[in-house]
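> Following is a predicted model, sequence given first.
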Amino acid sequence: MKKKIGLVLAGIMLFSIILTACGGNSSNRQINNEENNIESEVQGLDSIIQKKKIVLGTSADYPPFEFHTMIDGKDTIVGLDIEIAKYIADELGVELEIKDMEFDKLLGGLATGMLDIVIAGMTPEDGREANFTDIYYEADLSVLVSKNNPSGIATIDDLIGKSIGVQIGTTQENIVQTTIKDAEVKSLSTNPDIVMNLKTQKIDCAVMETIVAESFAKANDDLMVVENLTIDSGAGGVAIAIQKGNDELTKKLNEIIAKLKSEGLIDKWLIEADKLSSEGL
Ligand code: ARG
């Protein structure tokens, strides 16, 4: 009899242990869900307004979109994309925080919620894990070479077998790797690095957005853009990236883009950025 009671008691204990364990799991799950909710809220428009701040991710090596310059003796990030970000912050009535990062880390920063928006001359390429706004600047790619153009690059076929500098993680890296036969693709983390490799003849040419190639050519006497040679970037231009699924913020940003376009601000900011960047890069 004693044995039986003991067994029953042991059974009850085991049963309650199992129950507690299950209960524990479900409450954990609940906490996780709550955390997830908080995380997705952080990315929403309301939370940007609540925290009174929008965090911009950019890669300030791409004039005239974004680049470093000295203003009143202080290293400052300037350019078209920065003006767009300031305008967005003003429209939302929040402060702007800029995080200058390597280009290939930007989309990761959006996914983890570290960044609210990415404005970095970014192509809304298929397969990129993000929401994209409408295109705010139409652009294709061009080829930057040394002025004496020792490799004689004039047509797309002349790129076959050449060493070509591109930025890591960019559309141009992808395009050059997949479409130019026997190219020796040299992927570097920043565009000034690419320019330096070109100036020291470590590469034959570099591929980047036309307006950026022109900007580097203006700032460097020994460089030029190959005329009448453009490479389709596939998406027709550049856009703002937002965390995937954040349709509310995407919609709001599209309204803001339409507004600043109608006010002619893109052209105005480009001229200003161009002036600053041609003063020396
Ligand atoms: N448009 C290209 C891309 O999206 C290059 C952008 C590079 N931007 C930069 N800030 N360095 O891949």
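Yep, that arrived.

> List, one by one, the residues from the stretch 1-150 of the chain near the ligand.
Residues of the stretch 1-150 of the chain found near the ligand (CB under 6 Å from any ligand atom) are 59, 61-62, 65-66, 103, 120-123. For the C-beta atoms, the positions are set from N, CA and C on the backbone; glycine is no exception.

> run the last query once more with 8 Å
The stretch 1-150 of the chain comes close to the ligand at residues 58-62, 65-66, 81, 103, 120-123, 125, 139, as judged by CB under 8 Å from any ligand atom.

> okay, among these, which ones form the most distant pair?
Spatial extent of these (CB to CB) is set by the pair 60 and 125 at 20.7 Å.

> out of the two, which sits in the more crowded spot?
Taking neighbours as other CB atoms under 10 Å, residue 60 and residue 125 compare with residue 60 leading, 24 against 16.

> In contact with residue 269, which residues are there?
Shown in contact with residue 269 (CB atoms under 8 Å, 6 or more residues apart in numbering): 80, 83-84.

> Out of those, who's the most crowded?
residue 80 (28 neighbours).

> Do I have it right that that one meets residue 65?
Yes. At 5.4 Å, residue 80 counts as touching residue 65 under the criterion of CB atoms under 8 Å.

> Name the residues contacting each of these two.
In contact with both residue 80 and residue 65: residue 273, using CB under 8 Å, 6+ apart.

> does any part of stretch 266-281 sit near the ligand?
No. Against the ligand, stretch 266-281 shows no contacts by CB under 8 Å from any ligand atom, the least distance being 12.7 Å.

> scratch that, stretch 189-201 is what I was asking about
Yes. Interface with the ligand: stretch 189-201 contributes 190-191 (CB under 8 Å from any ligand atom).

> Give me the buried positions along that stretch.
For stretch 189-201, burial by neighbour count (16 or more other CB atoms under 10 Å) applies to 189-192, 194-195, 197-198.

> end to end, how far does stretch 185-199 reach?
Taking CA to CA, to the nearest Å, stretch 185-199 runs 17 Å from one end to the other.

> dump the residue contacts of residue 130.
107, 110-111, 118, 241-244.

> try it again with 7 Å
107, 110, 241-244 (CB atoms under 7 Å, 6 or more residues apart in numbering).

> so which strand or helix has the closest residue in space to it that isn't next to it in sequence?
Distance criterion CB to CB, 6 or more residues apart in numbering; nearest residue to residue 130, sequence neighbours excluded, is residue 241 at 4.1 Å. Using DSSP states H and E, residue 241 sits within strand 237-242.

> May I see the buried residues of the following helix or strand past that strand?
Using DSSP H and E, the helix or strand that follows strand 237-242 in sequence is helix 247-262. Of the residues in helix 247-262, 249-250, 252-254, 256-257, 260 count as buried by neighbour count, 16+ other CB under 10 Å.

> what's the answer for stretch 225-235, then?
For stretch 225-235, burial by neighbour count (16+ other CB under 10 Å) applies to 225-226, 229, 231, 233, 235.

> Done for today, thanks.
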